[in-house]
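>>> heads up, no residue letters with this:
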């Protein structure tokens, strides 16, 4: 913004203007730099202000925002909400379940409509908004005769800089001089899902796969930033002579090498990682065993591309989606997101849940480790439409899209919020997010951030169901509030079921109840009208 960091540039000026206008910033006769400065100043309030409403509250459907204001849960600023939440949960402070839930909602909404949405939008502006791209997923993306470097974490800056480093002519030549055919950059976890969606970078696997990837012996270096990094990873890396680099000052791991990533000089860190990886390739001591499994799918379905996909450059709109929900070809929409959990069979709950949903004509939007689970199963391909019900399959074949749309990392759950808001704006499916025939799920959640994500969807009006386990005492007033009372207030509600098939049926039942409330639960008889009847309708 201020011209201090020359390694980054605005790659999507159209998105810059659209985001600025969405929160009331004047863009006419202003340069991109001027708009960027104004946008930065406005979005900074998301974190720092202590009164008022966060900027992206302006994007919330009016009726949903009206409900928030009535309940007193519109976020003021992320830092304010987090500090207040920490104070309220201190011993001897807030001891009323309804009052503390109100602050939980405000804090979670400052994540979904605040920090997460800001991160997604700024990443798109700086690095480019995703569009569909074919990419490979699974362990087979590793290459025995290449220097293999894996980036694992949640911040796109490290990965974007690494893409520059692995394509540096000098470093590519150094790899070839060491006997390699080239440098193979591969993603893992959420930053991997983001680069998969934005650039088509191959993805080796989700959270539960990280140690297994090391055991192939093919990984020459893994660089991590923050979140979802398994504690034993440094020990596994040591066993196979693999370099493990931490890069963030907030995340040091015993046994790992620390190379600080500085935004002002990013290539210093990423170039050094490549150099170390090349040195490891030259001295590989252990046999390389790479499973020959790769699954090609289509990823990168941003909110903007879905808009374009359904209507083209000049008639882009969510109207075709709403129309197909109204006419019953698409039953509803489900967001299936979140972690993989070592307590259950790897990926199984995700895969079974999504198969059941699409079989019942529910279009599925995905992010994070869940997206990778379904990509490995082949459901992120247009050819998977045969697994969908007749209505959804017809729509997928007509548009040329998969029944499962991968949208990026966990942070990119905010894309689902924007999509839901647009469905309300287009019309025909109610006036608030709570009226839409939609549902959400994190079937194998394990990270505490999943609770925040789940609750900002609930507070936005979405029925959200978790699997594996749920941290609550059943049949208490607090439990009844979360699982029933919030919906009566005009919000969404929580749900829980460890069985993916039961989970799917609960989501479908909820979608059907919303369809009934909207009066679109039964097919309507088509009637041809004559000119006189048309004049009367006019």
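On my side now, so go ahead. As the structure is a prediction and not an experimental result, all values here were calculated from the model.

>>> just for the protein, where's the confidence low?
1-3, 312-315, 523-531, 533-535, 537-538 (pLDDT under 70).

>>> OK, contacts around the closest residue to residue 304 other than its chain neighbours?
Leaving aside its sequence neighbours, residue 304 sits nearest to residue 129 (C-beta to C-beta, 6 or more residues apart in numbering; 5.5 Å). (Each C-beta comes from the backbone N, C-alpha and C, glycine too.) Applying C-beta atoms under 8 Å, 6 or more residues apart in numbering to residue 129 gives the contacts 12, 15, 198, 302, 304-305.

>>> just so I have it, where are all the helices in the stretch 1-150 of the chain?
For the stretch 1-150 of the chain, helices defined by DSSP state H, counting those that start in this stretch occupy the ranges 13-22, 32-48, 62-71, 78-88, 97-110, 117-127.

>>> Could you tell me which residues within the second one count as buried?
Within helix 32-48, the residues scored as buried using 16 or more other C-beta atoms under 10 Å are 35-36, 38-39, 42-43, 45-47.

>>> mind checking how far the residue nearest to residue 232 when sequence neighbours are not counted is from residue 250?
The shortest distance from residue 232 to any non-neighbouring residue, by C-beta to C-beta, 6+ apart, is to residue 211 (6.7 Å). Distance, residue 211 to residue 250, by C-beta to C-beta, to the nearest Å: 22 Å.

>>> And residue 409, by the same measure?
According to C-beta to C-beta, residue 409 and residue 250 sit 18 Å apart.

>>> Check residue 513 too.
43 Å.

>>> Equivalent analysis for residue 128, please.
Distance from residue 128 to residue 250, by C-beta to C-beta: 27 Å.

>>> neighbour-wise, which of those two wins?
Of the pair residue 128 and residue 250, residue 128 is the one with more neighbours under other C-beta atoms under 10 Å, namely 16 against 8.

>>> That one and residue 10 touch, don't they?
No: Residue 128 lies out of contact with residue 10 (C-beta atoms under 8 Å); the separation is 9.8 Å.

>>> quick check, residue 405 in a strand?
Yes: secondary structure of residue 405 (DSSP: H, G, I helix; E, B strand; the rest coil): part of a strand.

>>> burial of it, as a residue count?
Residue 405 - counted by other C-beta under 10 Å - has 28 other residues nearby.

>>> contacting residues for it?
Counted by C-beta under 8 Å, 6+ apart, residue 405 has contacts 301, 306, 363-366.

>>> Could you do residue 376 as well?
137-138, 205, 295, 347.

>>> Please tell me how far it sits from residue 404.
Computed with C-beta to C-beta, the distance linking residue 376 and residue 404 is 12 Å.

>>> mind listing what residue 487 touches?
Taking C-beta under 8 Å, 6+ apart, we find residue 487 in contact with 434, 463, 493.

>>> Could you rerun that using 6 Å?
Going by C-beta atoms under 6 Å, 6 or more residues apart in numbering, residue 487 touches residue 493.

>>> Equivalent analysis for residue 341, please.
Residues in contact with residue 341 (C-beta under 6 Å, 6+ apart) are 444, 446, 468.

>>> Can you add distance to residue 519, neighbour count and secondary structure and give those residues back as JSON lines?
Shown next, in JSON lines, are the contacts of residue 341 (distance: C-beta to C-beta, whole Å; neighbours: other C-beta atoms under 10 Å; DSSP: H, G, I helix; E, B strand; the rest coil):
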{"residue": "444", "distance to residue 519": "36", "neighbour count": "31", "secondary structure": "coil"}
{"residue": "446", "distance to residue 519": "40", "neighbour count": "19", "secondary structure": "coil"}
{"residue": "468", "distance to residue 519": "36", "neighbour count": "18", "secondary structure": "coil"}
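
>>> isn't residue 310 right next to residue 320, touching?
Yes: with contact defined as C-beta atoms under 6 Å, residue 310 counts as touching residue 320 (4.3 Å).

>>> Between these two, which is the more surrounded one?
Using other C-beta under 10 Å as the criterion, residue 310 and residue 320 rank with residue 310 on top: 20 against 17.

>>> And the more buried one, how close does it get to residue 423?
11 Å.

>>> same question, residue 259
Applying C-beta to C-beta, the value for residue 259 to residue 423 is 44 Å.

>>> More neighbours: these two, which one.
Taking other C-beta under 10 Å, residue 259 and residue 423 do not tie; residue 423 has more neighbours (24 against 16).

>>> Contact partners for that one?
Neighbours of residue 423 in contact, by C-beta under 6 Å, 6+ apart: 318, 429, 436.

>>> show me what contacts the last one?
I take that to be residue 436. Residue 436 makes contact with 423, 429-430 under the criterion C-beta under 6 Å, 6+ apart.

>>> Which ones among these map onto helices?
Judged by DSSP state H, the subset of these located in helices is residue 423.

>>> between the contacts of residue 436, which is nearest residue 164?
Proximity of those to residue 164 was ranked by C-beta to C-beta; the top entry is residue 423 with 37.7 Å.

>>> Assess the claim that residue 110 and residue 74 are in contact.
No: under the criterion of C-beta under 6 Å, residue 110 is not in contact with residue 74, lying 9.5 Å apart.

>>> could you redo the contacts of residue 423 as a markdown table and give each row distance to residue 264?
Converted to a markdown table, those look like this (distance: C-beta to C-beta, whole Å):
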| residue | distance to residue 264 |
| --- | --- |
| 318 | 40 |
| 429 | 47 |
| 436 | 44 |
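
>>> So which of these is the closest to residue 381?
residue 318 (23.3 Å).

>>> show me the contacts for the closest one.
422-423, 426.

>>> Same question for residue 290.
So residue 290 contacts 142, 216, 218 (C-beta under 6 Å, 6+ apart).

>>> Tell me the secondary structure at it.
Residue 290 is classified as coil under three-state DSSP.

>>> May I have the phi/psi pair for it?
Main-chain dihedrals, residue 290, degrees, to the nearest 10: phi -110, psi 120.

>>> measure it to residue 189 for me?
Distance of residue 290 to residue 189, given as C-beta to C-beta: 19 Å.

>>> Show me the protein divided up by domain.
Listed by automatic domain parsing, the domain ranges of the chain are 13-127, 139-282, 298-518.

>>> Quick one: distance of the second one to the chain centre.
Think domain 139-282. Averaging C-alpha positions (C-alpha atoms, centre = their mean, to the nearest Å) puts domain 139-282 21 Å from its chain's average.
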